[in-house]
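K.L.:
structure of the sequence below:
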Amino acid sequence: MALQDEFDFIDQIKPKRVAQSGLIAGIGDDAALFRPTSGMEQIICMDTMVEGVHFTSQTMDPFQVGYKALAVNISDIAAMGGIPTYYLVSIAIPRDWNETDLLSIYEGMAMLADRYDMDLIGGDTVSIVETLVITVTVLGEVEKGTHLLRSHAKPGDIVFVTGTVGDSAAGLNLLLHNGKDHSFSEPEKTLIQKHQYPKPGVEIGRLLSTFHRVSLNDISDGLASETNEIAKASGVTLLIDEDKIPFSEAILDQYKDRALEFALYGGEDFELIGTMAPSDWDILEKKAKKHGYALSKIGTVSEGGPAVFLNRGGELHKLEMKGYNHFTK
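P.N.:
This next block holds a predicted model:
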């Protein structure tokens, strides 16, 4: 392992302050101990990022790897309408990673954690032969009875999405063709920023949790996959209008012909897609606009077997639940 002293490394990544009042014992004991908040349901999620599968030295530096490893988990908490509170990190370190780069990974996570008052409360550090593997577990909480699930969609609902979609896949495409040290144009930098520094939708997720019935999913694998997950969990059919899918000026400037492909199958936008009763839409729109959250109504929910269809100029095309691995294209 690249580390000369594992215990010294742990001391270096140990947080200097505690953000959550419910934390009783964090790093430094056999296990973490915390006090759940009264009246709240607890949320837990975990994701793994593998070098060569989810990132390479061509696409992200260590700080960005750490930031994104935590961001993708916070996004899952956001999709439940929750508040992120704690995180744990298990990292398998190959011989060619040095301590400076490893500390940079934790610094990337810490920057994002500070934004949401999260505490690092544990994890594990082991050696591995070749590629870096980082697994992050995030805990969160949401008020009892307000959690958002994929299974909440009903016929007659509208389908909505936050922000713009396809940007992250477009940014990754630029990085794979040019490398992260290339001199990019401003529109290209915008797309790359979306890939390297995704912003979890915690705030809009919290707003959505105040409505009586919302289904929600975060966009990790593209619109085609995420809408199919909602359709399957709720036992409904989703109809998506192609001309209502929100695209950024940057992606239309750089990849107008591929924007739809990136949105449907590219993934890693970590925006939120969901459904809600049409009677709540106007209220949500006004509240979202007040807080500066971008929302777009992109379709409707109908009765029928679990399926998703894309309306392209009046013709319906079934969207299969699939994505693709960018690094094997």
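
K.L.:
just say helix, strand or coil for A224.
P.N.:
helix (DSSP: H, G, I helix; E, B strand; the rest coil).

K.L.:
isn't it right next to L319, touching?
P.N.:
Yes. With contacts counted by C-beta atoms under 8 Å, A224 reaches L319, the gap being 4.4 Å. Using the backbone N, CA and C atoms, a C-beta is placed for each residue, glycine as well.

K.L.:
can you list residues touching both of these two?
P.N.:
Overlap of the contact sets of A224 and L319 (by C-beta atoms under 8 Å, 6 or more residues apart in numbering) consists of L264, V308.

K.L.:
name the residues of stretch 138-147 that are buried.
P.N.:
V138, L139, G140, E141, V142, E143, T146, H147 (16 or more other C-beta atoms under 10 Å).

K.L.:
which one of the residues you listed is nearest L175?
P.N.:
Nearest to L175 out of those is V138 (C-beta to C-beta; 25.6 Å).

K.L.:
now that closest one: closest residue in space that isn't a chain neighbour?
P.N.:
Closest residue in space to V138, ignoring its immediate chain neighbours: N73 at 3.9 Å, by C-beta to C-beta, 6 or more residues apart in numbering.

K.L.:
low pLDDT regions in the chain?
P.N.:
Across the chain, residues meeting the criterion (pLDDT under 70) sit at 1-7, 9, 323-329.

K.L.:
burial measure for I134, as a count.
P.N.:
Taking other C-beta atoms under 10 Å as the criterion, the count of residues near I134 is 25.

K.L.:
right, I mislabeled it, should have said K256
P.N.:
10.

K.L.:
okay, it and F247: tell me how far apart.
P.N.:
Going from K256 to F247 by C-beta to C-beta, to the nearest Å gives 9 Å.

K.L.:
repeat that for E51.
P.N.:
E51 is 30 Å from F247, where distance means C-beta to C-beta.

K.L.:
with G292 instead?
P.N.:
Distance from G292 to F247, by C-beta to C-beta: 19 Å.

K.L.:
out of the two, which sits in the more crowded spot?
P.N.:
Set G292 next to F247 and count neighbours by other C-beta under 10 Å: F247 wins out with 19 against 8.

K.L.:
any idea which element that one lies in?
P.N.:
Counting by DSSP states H and E, there is no helix or strand that carries F247.

K.L.:
ok, for it, nearest residue in space, not its chain neighbours?
P.N.:
In space, F247 comes closest to A259 once its chain neighbours are excluded; the distance is 5.0 Å by C-beta to C-beta, 6+ apart.

K.L.:
now do the contacts for that neighbour.
P.N.:
G166, A170, F247, I251, L252 are the contacts of A259 under C-beta under 8 Å, 6+ apart.

K.L.:
out of these, which end up buried?
P.N.:
G166, A170, F247, I251.

K.L.:
make sure the last one is actually in contact with F262.
P.N.:
Spelled out, that is I251. Yes. With contact defined as C-beta under 8 Å, I251 counts as touching F262 (6.9 Å).

K.L.:
the helix or strand encompassing A169 packs against which elements?
P.N.:
Using DSSP H and E, A169 maps to helix 167-178. The helices and strands touching helix 167-178, judged by 3 or more C-beta pairs under 8 Å, 6 or more residues apart in numbering; DSSP states H and E, are helix 186-196, helix 249-255.

K.L.:
ends of stretch 10-27, what's the gap?
P.N.:
9 Å (C-alpha to C-alpha, to the nearest Å).
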